[in-house]
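K.L.:
What follows is a predicted structure for the sequence shown.
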Amino acid sequence: MVRRHWYTQLDWILDKCEKLPRAARFTLARRMADESIDIIELIVEAIYTPQKQRRYKLKAINMKLEKLRIFFRICHDRQYISTQQYAYISEKVNEAGRMVGGWIKSPFL
């Protein structure tokens, strides 16, 4: 579930990164794209990691989601993305965070 959700958001994020102004494309956009791709990799790794070792990967996902929140806030503050785009991605990142948080709290870990 979280893998499918994040895959959809990854596509949206990469599209926005490609459209950021040139000055931000090689700094902020690169970091956002890297963090977003790292998240999908960690999700896949967590799915295939034994339950007892999964918590580390899930906490790493949460840390990367928090970094993305900050990067998107910077984009919004610098007017690289609109308020509607910021509201959209904020909700989607928060939703992914809730999914990962639920996974961490799962009695199977």
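P.N.:
Noted; the coordinates are in hand. This one's a predicted model, so the numbers in the text were calculated from it and none came from an experiment. Residues are numbered from 1 along each chain as shown.
K.L.:
Lowest-scoring secondary structure element of the protein by mean pLDDT?
P.N.:
The helix or strand of the chain with the lowest confidence, counting by mean pLDDT, DSSP states H and E, is helix 22-25 at a mean of 91.
K.L.:
What mean pLDDT does the next helix or strand after that one get?
P.N.:
Of the helices and strands lying after helix 22-25 in sequence (DSSP states H and E), the nearest is helix 28-47. Mean per-residue pLDDT for helix 28-47: 96.
K.L.:
helices or strands up against helix 28-47?
P.N.:
Helices and strands touching helix 28-47, by 3 or more C-beta pairs under 8 Å, 6 or more residues apart in numbering; DSSP states H and E, are helix 2-19, helix 51-77. In this view, the C-beta of every residue, glycine as well, is placed from N, C-alpha and C.
K.L.:
Adding mean neighbour count, write those helices out as CSV.
P.N.:
Below are the helices and strands packed on helix 28-47 laid out as CSV (neighbours: other C-beta atoms under 10 Å):
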stretch, mean neighbour count
helix 2-19, 15
helix 51-77, 16
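K.L.:
Let me have those helices in JSON lines, adding mean pLDDT as columns.
P.N.:
Output for these, formatted as JSON lines (pLDDT from 0 to 100):
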{"stretch": "helix 2-19", "mean pLDDT": "94"}
{"stretch": "helix 51-77", "mean pLDDT": "95"}
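K.L.:
Select, out of these, the one closest to I43.
P.N.:
helix 2-19 (5.0 Å; C-beta to C-beta).
K.L.:
closest to E35 out of the helices and strands packed on helix 28-47?
P.N.:
helix 51-77 (4.9 Å).
K.L.:
Give me the distance from the closest one to the chain's centre.
P.N.:
With C-alpha atoms, centre = their mean, to the nearest Å as the basis, the distance from the averaged C-alpha position of helix 51-77 to the chain average is 6 Å.
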